[in-house]
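Undergrad: pasting the sequence and the predicted model now:
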Amino acid sequence: MFLVGLTGGIASGKSTVSSMLRELGCPIIDADVVAKKVVEPNSTAYCRIVYHFGPEILLESGEIDRQKLGELVFADEEKRRLLNSITHPEIQRAMLKEILFCFLRGYRYVVLDVPLLFETRRLTQFLNHTVLVYCDPATQLSRLMQRDGLTQERAEQRVASQMPLNEKRGLAKHVVENSGGREETQRQVLRLHTKLEDSMEFLLVRVIAIAAAAGLGGVLLYAAKVLAS
Ligand code: ADP
């Protein structure tokens, strides 16, 4: 199995492409979903966050007020580091568990849906492929305004706060061009999926796993012989 990172910019169509890939049968690990899951009440990260940031960051339901916490760490570098040191290892562990599960189920590749893939670059070293969902700036702005009910000014601010899509384009191995209609995007997604499915890259990890299992089997056999003698 091998790993494919999927990313985009706000309203460039990442969720749309992710759904298309899911419909084709690809396993998708959504970093946002994982990040929410690891701070669910009574999890390790939840307890540590409440310990360090106090019960003021909780909603009445007992869940963490992610927006409040986000605003708190946005203005304070030290707090941001502290929060990251609590959540990142948990997120990585949870993602690794899901990746392992996909491997055991025999998938050839798994898609990691990561909004800030190129900004943080934490995962890129583990990825065999990176896919950027791109659309032109005017289309991005109008889709964002429509989807989130934003004024043009507010939408422009949100786009400007991210790494420009044109810059991400230079970093990605594959680009899904999503400025046109959904059918056009669907065709590109199908082409990409076929290419990844046909790739032999998945074999490397399988061979390593088989070799490791065979090695372990040999060691166990030797140990059994020694014990029996
Ligand atoms: P992201 O996940 O990158 O923020 P979305 O997939 O939510 O972006 O897409 C942003 C908006 O644009 C959504 O309302 C979606 O339905 C719409 N959209 C995405 N791709 C297309 C397309 N090819 N044609 C028309 N509308 C689209």
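TA: Perfect, thanks for sending it.

Undergrad: could you pull out the helices for the chain?
TA: Ranges of helices in the chain, per DSSP state H, are 14-23, 31-37, 44-53, 66-74, 77-104, 117-120, 137-148, 152-160, 165-169, 182-198, 202-228.

Undergrad: and Glu78, how many neighbours?
TA: When neighbours are defined as other CB atoms under 10 Å, Glu78 has 8 of them. Heads up, the C-betas are built off the backbone N, CA and C, glycines and all.

Undergrad: need the helices of the chain in CSV (columns: distance to the ligand and mean pLDDT).
TA: Below are the helices of the chain laid out as CSV (distance: least, CB to the nearest ligand atom, whole Å; pLDDT from 0 to 100):
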stretch, distance to the ligand, mean pLDDT
helix 14-23, 3, 98
helix 31-37, 10, 94
helix 44-53, 25, 96
helix 66-74, 17, 89
helix 77-104, 19, 93
helix 117-120, 12, 90
helix 137-148, 4, 97
helix 152-160, 10, 94
helix 165-169, 10, 96
helix 182-198, 4, 97
helix 202-228, 27, 75
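
Undergrad: of all those, which lies closest to Gly8?
TA: helix 14-23 (3.5 Å; CB to CB).

Undergrad: mind saving the C-alpha coords of the closest one as PDB?
TA: Extracted in PDB, the C-alpha atoms of helix 14-23 (Å, rounded to 0.1, in the frame of the first residue of the first chain):
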ATOM      1  CA  LYS A  14     -11.100  19.300  -2.000                       C
ATOM      2  CA  SER A  15     -14.300  17.900  -0.300                       C
ATOM      3  CA  THR A  16     -15.900  17.400  -3.700                       C
ATOM      4  CA  VAL A  17     -12.900  15.400  -5.100                       C
ATOM      5  CA  SER A  18     -12.600  13.500  -1.800                       C
ATOM      6  CA  SER A  19     -16.300  12.400  -2.200                       C
ATOM      7  CA  MET A  20     -15.700  11.400  -5.800                       C
ATOM      8  CA  LEU A  21     -12.700   9.200  -4.700                       C
ATOM      9  CA  ARG A  22     -14.700   7.700  -1.900                       C
ATOM     10  CA  GLU A  23     -17.500   6.800  -4.400                       C
END
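
Undergrad: helices and strands around it, which ones?
TA: Helix 14-23 is packed against strand 2-7, strand 28-30, strand 109-113, strand 129-134, helix 182-198, with contacts defined by 3 or more CB pairs under 8 Å, 6 or more residues apart in numbering; DSSP states H and E.

Undergrad: turn the ones you listed into a markdown table, including mean neighbour count.
TA: Listed next are the helices and strands packed on helix 14-23 as a markdown table, based on neighbours: other CB atoms under 10 Å:
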| stretch | mean neighbour count |
| --- | --- |
| strand 2-7 | 23 |
| strand 28-30 | 19 |
| strand 109-113 | 22 |
| strand 129-134 | 23 |
| helix 182-198 | 15 |
